[in-house]
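# pasting a predicted model and its sequence here:
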Amino acid sequence: HYNAEDFEPKDIVLRGGEKAVLWVHSISGHGILDPKFLVDGDYYQEDYRSEYSAQSAGAKVVPEEHFKIYRDFNEKQFVQFSDQLTHDSRYLEIGCSFGGVLKRVADFGVDVCHGIEPNEEDVQFIQRMCPESKIFNSIFEDLELEQEYYDVVASFEALEHMVSPGRILQKASGVMKKNGFINIEVPNHRDLLLGSYKNISYEKFYYHNAHIHYFTKESLSRLLEVCGFDGAVSSFLMYPFFNHVFWHQNHGPQSSAQIALATPKPASEGSIAGAAINEFFAQVEKDYEKLVNRHMVGDCLVYKGRKR
């Protein structure tokens, strides 16, 4: 939905050290990875979980461990749209991964709970965990689903992987009821570690060949509008304050997502002022999150809207 002449090339380094080119829209800031650096069609069925996992070194983590590591964060994602669910809702999640959010929807007790996930190991895990749900081991583009069927469609950290996110959203619109609710979470190209912090080498970690699109508030809003939705974009912080402190001090990621997502409790609860110190650390993270999201520079963007 943008003119090709409005994009300018930017030299980047992908995670892993490969030099690449990102095409950046001069008005919105949206980035598109040059096609020569894209992964092949079977990548998500076979290699993605091995190369990108909860371990920063890339060691493969099984779905059960991912489910445990991201438990609290997945709860925050569920809260993004949980007020839109009823026991009569028909729910579809595009790219449901290891089922961290979908399991909460199933436990809530909707009428229909469907997920789409190309990784077979993840699908088998979710199906064992949520036997009442239907998980399609496929990509959304290849599925023929009933039109105007779902009340709520959600997707978390998936749209950036897709060559044509517009086609995905148009197809999602087709399977949604009129006035149905959509919740889309994607990485933010204005992530504050990328644009605000100095000299931390985050750019070499942020860009990688599994992500084709790098969204901004403007580009995500425009895309959903063109695809038939009315809504708004907000900032959402995945990795908290003390993870950012680590980046500032060490110029690199923490060893695992489990550590990076956790709020430190440095003091013994039974010691003098111990509980107050731990509470202070927790409050610092809450205040930082509010500051970051107020300035729209969280590591994620969330679109909430309805089908016209």
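Structure received.
# where exactly do the helices run in the stretch 1-150 of the chain?
43-46, 48-51, 63-69, 71-79, 102-108, 120-129 (DSSP state H, counting those that start in this stretch).
# can you put the ones you listed in CSV and add mean pLDDT?
Below are the helices of the stretch 1-150 of the chain laid out as CSV (pLDDT from 0 to 100):
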stretch, mean pLDDT
helix 43-46, 59
helix 48-51, 58
helix 63-69, 95
helix 71-79, 97
helix 102-108, 98
helix 120-129, 97
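# show me where the stretch 201-308 of the chain has strands.
213-214, 229-236, 300-307 (DSSP state E, counting those that start in this stretch).
# to Val62, which of these lies closest?
strand 300-307 (24.4 Å; Cβ to Cβ). Every C-beta, even on glycine, is put in place using the N, C-alpha and C of the backbone.
# other SSEs contacting the closest one?
Secondary-structure packing of strand 300-307 (3 or more Cβ pairs under 8 Å, 6 or more residues apart in numbering; DSSP states H and E): strand 176-187, helix 217-226, strand 229-236.
# what's the last one in contact with?
With contact meaning Cβ atoms under 8 Å, 6 or more residues apart in numbering, strand 229-236 is reached by 80, 169, 173, 182, 185, 188, 217, 220-221, 224, 292-308.
# tell me the mean pLDDT over it?
The average pLDDT within strand 229-236 is 98.
# between the strands of the stretch 201-308 of the chain, which one is closest to Ala275.
Closest approach to Ala275 among those (Cβ to Cβ): strand 229-236, 29.1 Å.
# list the strands paired with the closest one, with their directions.
As defined by DSSP bridges, the strand partners of strand 229-236 come to strand 300-307 (antiparallel).
# could you give the angle of the partner strand to helix 71-79?
30 degrees (axes from the mean of the first three to the mean of the last three Cα atoms, to 10 degrees).
# give me every residue that touches Leu301.
By Cβ under 8 Å, 6+ apart, the neighbours of Leu301 are 185-188, 215-217, 220, 233-236.
# quick one: contacts for the closest residue to it other than its chain neighbours?
Once flanking residues are discounted, Leu301 sits nearest to Asn188: 4.7 Å by Cβ to Cβ, 6 or more residues apart in numbering. Shown in contact with Asn188 (Cβ under 8 Å, 6+ apart): 215-217, 235, 296-301.
# can I get those in JSON lines with distance to Lys265?
Converted to JSON lines, the contacts of Asn188 look like this (distance: Cβ to Cβ, whole Å):
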{"residue": "Phe215", "distance to Lys265": "34"}
{"residue": "Thr216", "distance to Lys265": "35"}
{"residue": "Lys217", "distance to Lys265": "34"}
{"residue": "Ser235", "distance to Lys265": "26"}
{"residue": "Met296", "distance to Lys265": "30"}
{"residue": "Val297", "distance to Lys265": "27"}
{"residue": "Gly298", "distance to Lys265": "24"}
{"residue": "Asp299", "distance to Lys265": "23"}
{"residue": "Cys300", "distance to Lys265": "25"}
{"residue": "Leu301", "distance to Lys265": "30"}
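# excluding its backbone neighbours, what's nearest Phe281?
Leaving aside its sequence neighbours, Phe281 sits nearest to Pro264 (Cβ to Cβ, 6+ apart; 5.6 Å).
# any idea how far the one you found is from Pro9?
41 Å (Cβ to Cβ, to the nearest Å).
# please apply the same query to Gly99.
Computed as Cβ to Cβ, the Gly99 to Pro9 distance reads 39 Å.
# same check, this time on Tyr206
According to Cβ to Cβ, Tyr206 stands 17 Å off from Pro9.
# check Val39 too.
From Val39 across to Pro9, the span is 20 Å (Cβ to Cβ).
# okay then, goodbye and thanks.
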